[in-house]
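In: Below: sequence and its predicted model.
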Amino acid sequence: MRFSAISLFPEMFEAVTNYGVIGRAVKEGRILFDCINPREFTVDRHRTVDDRPYGGGPGMLMKIEPLKRAIESAIDKDNIKAKVIYLSPQGEKFTHTLAKKLSHEKHLVLLCGRYEGVDQRLIDEVVDIEISVGDFVLSGGELPSMLVIDAVTRFLPEVLGHSESAEADSFEDGLLDHPHYTRPEVYEGKGVPKVLLSGDHKAIEQWRLQQRLGRTWQKRPDLLDEDKLSENERQLLESFKQDH
Ligand code: 9WO
């Protein structure tokens, strides 16, 4: 899979392409990443990428032509059908499900806006999907695009392997994760749930499921559809509710 970022700040992407499992996957060529700076596609001596908005108003907008040429250069390189994503607060909410869907694409082009945004005619012409990572406004689309790269890459078996991929992540079944513990067994007088020390794998599995159900009920009830729970899950959740 290939990711191409269109950004005025290519160095920002070192945060995701130079570290951790994603960085290793890039280094080993299991995924491809490139960042294309629209400023390289300007034709005037000042290398202008922005201009004043028609109709007045604060700030500047990103000009169409440099962005269009940068996107075309990303797509021409391999001529594989690319999906062009624009990161914006106006977009479709980015979720585990959307990340999984995008992981089946061969090439994602991530258009990162700056200033007050991008000329709408470019969005209408070349953007396949607008994506929002939350209801807030940032200073640019780069951080959201890195979040998309990380979450999508986790679904690729060539990156995490089938057992560790996001398919195995807590969100795969729409529940939050259970709490985790490691040594020391007692930390400042606080121990570890005894079931985790029991070696009883069935009991541990049940406890972890109950914790996931209970935490989702407590923290993100919007994610929990109790009508779809199995009888075992319902009993576990009811028992959790009685204790909380
Ligand atoms: C700016 C803005 C201000 C008020 C209400 C909505 C708004 N949308 C934008 C916008 O799309 N800005 C562009 C991209 C250019 C300025 C920086 N950009 C940006 C993207 N800010 N915040 C995001 C973003 C992207 C994905 N998910 C959440 C926020």
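Out: Received the coordinates, thanks. Numbering: from 1, shown residues only.
In: Which positions in the protein make contact with the ligand?
Out: Within the chain, the residues that sit near the ligand (CB under 6 Å from any ligand atom) are 87-89, 113-117, 132-134, 137-141, 144. C-beta coordinates here come from the backbone N, C-alpha and C atoms, glycine included.
In: mind running it again at 8 Å?
Out: Taking CB under 8 Å from any ligand atom as the measure of proximity, the chain contacts the ligand at 62, 87-91, 94, 112-118, 131-141, 144.
In: buried subset of those residues?
Out: 62, 87-88, 91, 94, 112-115, 117-118, 131, 133, 140-141, 144 (16 or more other CB atoms under 10 Å).
In: Quick one: mark the members of those residues that sit in strands.
Out: The members of these that map onto strands under DSSP state E are Met62, Leu87, Ser88, Gly91, Ile131.
In: Dump the residues you listed into TSV; add distance to Gln206 and pLDDT as well.
Out: Written out in TSV, the entries for these read as follows (distance: CB to CB, whole Å; pLDDT from 0 to 100):
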residue	distance to Gln206	pLDDT
Met62	53	98
Leu87	40	98
Ser88	43	97
Gly91	39	97
Ile131	37	98
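In: Format these as CSV; extra columns: distance to His107.
Out: What follows is those, written out as CSV (distance: CB to CB, whole Å):
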residue, distance to His107
Met62, 22
Leu87, 17
Ser88, 20
Gly91, 19
Ile131, 16
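In: related to what we said a few turns ago, from the buried ones among the residues of the chain next to the ligand, pick the one nearest Gly174.
Out: Closest approach to Gly174 among these (CB to CB): Phe94, at 15.4 Å.
In: thought that closest one was touching Leu147?
Out: Yes. The pair formed by Phe94 and Leu147 meets the contact definition of CB atoms under 8 Å, at 7.3 Å.
In: what touches both of the two?
Out: Taking CB atoms under 8 Å, 6 or more residues apart in numbering as the contact definition, Phe94 and Leu147 share the neighbouring residues Val133.
In: Gly214: which element?
Out: Taking DSSP states H and E as the criterion, Gly214 maps to helix 201-219.
In: Quick one: distance of whichever helix or strand comes after that helix to the chain centre.
Out: Counting by DSSP H and E, the next helix or strand C-terminal to helix 201-219 is helix 231-243. Here helix 231-243 shows a centroid-to-chain-centroid distance of 32 Å under the convention CA atoms, centre = their mean, to the nearest Å.
In: Next, the distance between the ends of stretch 181-194.
Out: Across stretch 181-194, the straight-line distance between its terminal residues is 11 Å, by CA to CA, to the nearest Å.
In: do stretch 70-87 as well
Out: The first and last residues of stretch 70-87 sit 16 Å apart, counting by CA to CA.
In: Okay, now the unreliable bits of the chain?
Out: Counting by pLDDT under 70, the low-confidence segments of the chain come to 77-78, 162-168, 170.
In: hang on, the earlier thing: contacts for the helix holding Gly214?
Out: With contact meaning CB under 8 Å, 6+ apart, helix 201-219 is reached by 170, 174-179, 193, 195-196, 198, 223-224, 229, 232-233, 236-237, 239-241, 244.
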